[in-house]
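*Asks:* Based on what follows, work out the 3D shape:
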Amino acid sequence: MFGWFRKKPKAPHTADAIREAVAAAVTGGLFSTHGRARTRDRQPFMPMPFQPPKPSRTVKGASVGMDTDDGQGGPAGAPLPTKPDYGSSYGTISDTQLSWFASQAFIGYQLCALLSQHWLIDKACSMPAKDAVRNGYDLKIDGADLPKDIHSFIRAIDKQFGVKRQLIEFVRKGRIFGIRIAMFKVDSDDPEYYLKPFNIDGVAPGAYRGIVQIDPYWIVPELISQNLINPDDLHFYVPEFWRISGQIIHRSHLIIFTTGDVPDVLKPSYYYGGVSVPQRIYERVYAAERSANEAPMLLMTKRLTVMMTDLAAAVADPDKFQERMQWWTENRDNYGVKLNGPDDKLEQFDTALADVDAVILTQYQLSAAIAEVPGTKLLGTQPKGFNSTGEFEESSYHEFLESLQENDMTPLLDRHYLLVMKSYIEPKFGVNKRVDISWNELDAMTAQEQAAVNATKAATGAALVASGAIEPRDETGRLIADPQSGYSGLQIPPPEPPPSPAGAPGGGGAEPPAGTRAAAAGVAAKLPAPKQTAEKGA
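*Replies:* Numbers count the residues shown, from 1 in each chain. Modelled structure (predicted):
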């Protein structure tokens, strides 16, 4: 029953037989230098759900697979195979390595939510979302600013719907789960409004109610045959519908954010989402936290005391030995004098802790690298290790934030303002145009930096006015148009009247201003009257 009476195989006795048995058992190690490669007669490590057709070519009348590697070679005159079979390692990677990489699979949405409670993982998911929307954005229509009444009305709607909070949660939860779905609530008389593709003309005045975001464990993707059988389809392996609370919703009504998009063959296992930040970072965060916890333990045990003793006597009387060790431990850290017998030998070794902080922070910096957030910003400390100089460069982080704004946040805002214009602005103001999003600069200047920039602009403007390149009115207009100048509330003075042409009534030049004429009349009144000369013969 338990195989006790089965005949045992005969053990090899010759050296060659032993070597063959060991070679058959060893299939690889952790690194490529750790052992033999896997044998070619073994089955592929990971069976694939399907085998796609392989491209072929004709060589002397015979069809030859271009990626064949069956070890048999092609027909006469055909070149030897060059690629391994699809889905098989066949010795190109060891079993140990392949097992480790294959273990980096989808961990489940519940586990993603559980891991997101950790302070470092939560900061890694939340910080980019908050930084991307911190400086806000401007709204424009046809490249110009919105009228003040429309702008104020839209901002009031944004505050009511909590648009900034929605943007932060959209990216934060998307990074936690690898996918985030935003649904736009619209009241419609059509019971199949969400089943049909999105149509802005079907939105009635006042029907838009806001944005709803749904965690992925409450939704189910549903694909149609066109999404599954035609790789040349525009939406191949993209769910056509999503079932939410029993309601089937067409994908066009949703804005979907994914992180780390995976190839088609892995999409079903990820429920058509992406690789989440917790899945990528959990192992490195655990190593960093373990390293940090090791520091106080290492500090408390950095002094190792070695006392020479008779081990045979200690083993012979273990109770007495344990009693003496307990007494020595209690009196070891007395911060004073240690007693030592004339025949006792005692040595003490101290563990150096010079680079422990660099080792610990290096582990945290590796976690920050996975999260695509600079370590100095994520941890709030100066970098250690990696031969770091302590300088903090934000340009790459700002590029990452700009990608979040352009690729992930802007589509959400575009749909939001499309519905706002149709549902609220058009009925009230009679305007229904596309609203463009213009994100503000990420690197906000301090007051001192802004003052230095304004001083430079003022010096440039003064030089241009002095040289006659521009008029003073032009410089005044620049100050008014610059919202950071401090003079944006000024009014542009009216233009001066052009000079009168020569020969026109009133003189050969421009008429002097009224103030000048009054001053001239006052001066003339003070002058003595001219003497009159009588004509001869009068």
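*Asks:* can you give me how far the lengthiest helix in the chain is from the chain middle?
*Replies:* If you go by DSSP state H, the chain has its longest helix at helix 277-300. In terms of Cα atoms, centre = their mean, to the nearest Å, the gap separating the centre of helix 277-300 from the centre of its chain is 23 Å.
*Asks:* Ok, stretch 108-127 next?
*Replies:* When C-alpha coordinates are averaged (Cα atoms, centre = their mean), stretch 108-127 and its chain have centres 14 Å apart.
*Asks:* Make residue 1 into 51 and carry on from there
*Replies:* Got it, first residue is 51 now, which makes that one stretch 158-177.
*Asks:* for it, which positions count as buried?
*Replies:* If you call a residue buried by 16 or more other Cβ atoms under 10 Å, then stretch 158-177 has these buried ones: 159, 162-163, 165-166, 168, 170-171, 173-177. Every residue, glycine included, has its C-beta placed from N, CA and C.
*Asks:* Quote the end-to-end distance of it.
*Replies:* 23 Å (Cα to Cα, to the nearest Å).
*Asks:* And the contacts of that stretch?
*Replies:* Applying Cβ atoms under 8 Å, 6 or more residues apart in numbering, the external contacts of stretch 158-177 come out as 157, 218, 222-223, 225-228, 265-267, 321, 326-329, 331-332, 335, 338-339, 414, 417-418, 420-421, 423, 427-428.
*Asks:* Pull the CA coordinates from whatever helix or strand residue 292 lives in and hand them back as CSV.
*Replies:* Counting by DSSP states H and E, the element that carries residue 292 is strand 291-294. Only the C-alpha atoms of strand 291-294 are listed here, as CSV (Å, rounded to 0.1, in the frame of the first residue of the first chain):
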residue,chain,number,x,y,z
PHE,A,291,-18.2,46.0,-21.3
TRP,A,292,-17.8,46.1,-17.6
ARG,A,293,-20.4,44.7,-15.2
ILE,A,294,-20.8,46.9,-12.1
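*Asks:* after it, next one along is what?
*Replies:* strand 297-300.
*Asks:* and that next one, average pLDDT?
*Replies:* The pLDDT scores in strand 297-300 average 95.
*Asks:* can you give me how far that strand is from the chain middle?
*Replies:* How far strand 297-300 lies from its chain's middle: 29 Å, per Cα atoms, centre = their mean.
*Asks:* So which elements touch that strand?
*Replies:* strand 291-294 (3 or more Cβ pairs under 8 Å, 6 or more residues apart in numbering; DSSP states H and E).
*Asks:* Could you list the buried residues of stretch 221-235?
*Replies:* So for stretch 221-235, counting by 16+ other Cβ under 10 Å, buried means 221-234.
*Asks:* can you put these in TSV and add pLDDT?
*Replies:* As requested, those are exported to TSV (pLDDT from 0 to 100):
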residue	pLDDT
221	97
222	97
223	97
224	96
225	97
226	97
227	97
228	96
229	96
230	96
231	96
232	97
233	97
234	97
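*Asks:* And the longest helix of the chain, what does it pack against?
*Replies:* So helix 327-350, by 3+ Cβ pairs under 8 Å, 6+ apart, packs with helix 159-165, helix 169-183, helix 213-227, helix 406-421.
*Asks:* Least reliable of those helices by average pLDDT, please.
*Replies:* helix 406-421 - the lowest mean pLDDT of the helices and strands packed on helix 327-350, at a mean of 89.
*Asks:* what's in contact with that one?
*Replies:* 170, 174-175, 327, 330-331, 334-335, 337-338, 341-342, 345, 348, 424-425, 428-429, 431, 433-436.
*Asks:* Give me the buried subset of those residues.
*Replies:* For the contacts of helix 406-421, a burial check counting by 16+ other Cβ under 10 Å picks out 170, 174-175, 327, 330-331, 334-335, 338, 341, 424-425, 428-429, 433-435.
*Asks:* Return the member of the buried residues of stretch 158-177 nearest to residue 241.
*Replies:* Comparing the buried residues of stretch 158-177 against residue 241 with Cβ to Cβ places residue 159 closest, at 30.4 Å.
*Asks:* What score does the residue nearest to that closest one when sequence neighbours are not counted have for pLDDT?
*Replies:* Leaving aside its sequence neighbours, residue 159 sits nearest to residue 267 (Cβ to Cβ, 6 or more residues apart in numbering; 4.7 Å). The model reports residue 267 with a pLDDT of 92.
*Asks:* how many neighbours does residue 267 have?
*Replies:* 13 (other Cβ atoms under 10 Å).
*Asks:* Would you check how far apart it and residue 185 are?
*Replies:* 34 Å (Cβ to Cβ, to the nearest Å).
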